[in-house]
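Asker: Following is a predicted model, sequence given first.
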Amino acid sequence: MSDTLTGKLLVAMPGIGDPRFDRTVIMMCAHDAEHAMGVVINKQKEDLTLDEVLGHLGLTVGEEAAERLVLDGGPVRPDRGYVLHSEDFEAGDATQSVAPGVRLTATRDVLEAVASDHAPASYVLALGCAGWDAGQLEDEIRHNAWLVVDFDKAIVFDATLDDKWARAIKTLGLDPSQLSQAAGNA
């Protein structure tokens with residue numbers, strides 16, 4: 001494993017043991033010796049649209065984006081918005097590069113851009129994120145809870161959520177139906 005998982009996808013193994021992460025794909029946004037943070041990119045926040053979220057903030061979104069899904073980004077800070085977006089938007093120090101072609105902004109600036117004619121070409125809005133303390137994620141990977149996959153912009157930004165998990169696994173040349181729910185170490 002490299003020193004950082006920033007810019008990688010974490011893919012939950014069958015039988016991960018935590019129903020919140022069953023068949024989950026996470027875009028890793030930060031990872032160092034002290035902590036790790038990522039955004040779930042394949043789970044919908046039930047019955048919530050972009051129009052509703054932005055309306056709550058007093059912003060009006062155009063018709064084309066109004067029905068976009070809002071993602072359930074994870075159990076940490078579920079009231080905070082995280083926008084993964086293409087490189088054609090930046091809010092200074094509030095925007096961080098996550099992977100080639102993918103950035104993260106978690107300020108109102110990006111939400112105002114999404115509501116205007118200046119939205120990034122590609123973006124997903126998630127409420128909440130996933131987080132780990134020092135060494136916790138590495139321990140979970142050692143115990144076969146996660147597969148680490150190179151990111152794919154199509155998987156990150158695709159509006160179809162149902163097949164992202166299987167597509168991410170297939171990038172490793174694996175058939176998702178062949179993965180075991182039993183964990184073990186060789």
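Answerer: Right, received. Where do you want to start? Numbers count the residues shown, from 1 in each chain.
Asker: Confidence-wise, which helix or strand of this protein is lowest on average?
Answerer: Here the helix or strand of the chain ranked lowest by mean pLDDT, DSSP states H and E is helix 63-66, holding a mean of 76.
Asker: packing partners for that one?
Answerer: Applying 3 or more Cβ pairs under 8 Å, 6 or more residues apart in numbering; DSSP states H and E, we find helix 63-66 packed against helix 50-56. For glycine as for every other residue, the C-beta is placed from the backbone atoms N, C-alpha and C.
Asker: Dump the helix it packs on to PDB, keeping only the CA atoms.
Answerer: Output of helix 50-56 as PDB, limited to C-alpha atoms (Å, rounded to 0.1, in the frame of the first residue of the first chain):
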ATOM      1  CA  LEU A  50     -30.400  19.000  -5.000                       C
ATOM      2  CA  ASP A  51     -33.300  21.500  -5.300                       C
ATOM      3  CA  GLU A  52     -34.400  20.800  -1.800                       C
ATOM      4  CA  VAL A  53     -31.000  21.100  -0.300                       C
ATOM      5  CA  LEU A  54     -30.200  24.300  -2.100                       C
ATOM      6  CA  GLY A  55     -33.700  25.700  -1.400                       C
ATOM      7  CA  HIS A  56     -33.000  25.200   2.400                       C
END
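Asker: Looking at it now, give me its mean pLDDT.
Answerer: Averaging pLDDT along helix 50-56 yields 90.
Asker: for that helix, the distance to its chain's centre please.
Answerer: 20 Å (Cα atoms, centre = their mean, to the nearest Å).
Asker: mind listing what's buried in it?
Answerer: 50-51, 53-54 (16 or more other Cβ atoms under 10 Å).
Asker: And the furthest pair within those?
Answerer: Spatial extent of the buried residues of helix 50-56 (Cβ to Cβ) is set by the pair D51 and V53 at 7.5 Å.
Asker: Could I get the average pLDDT for the following helix or strand past the least confident helix or strand of the chain?
Answerer: Counting by DSSP states H and E, the next helix or strand C-terminal to helix 63-66 is strand 69-72. Averaging pLDDT along strand 69-72 gives 95.
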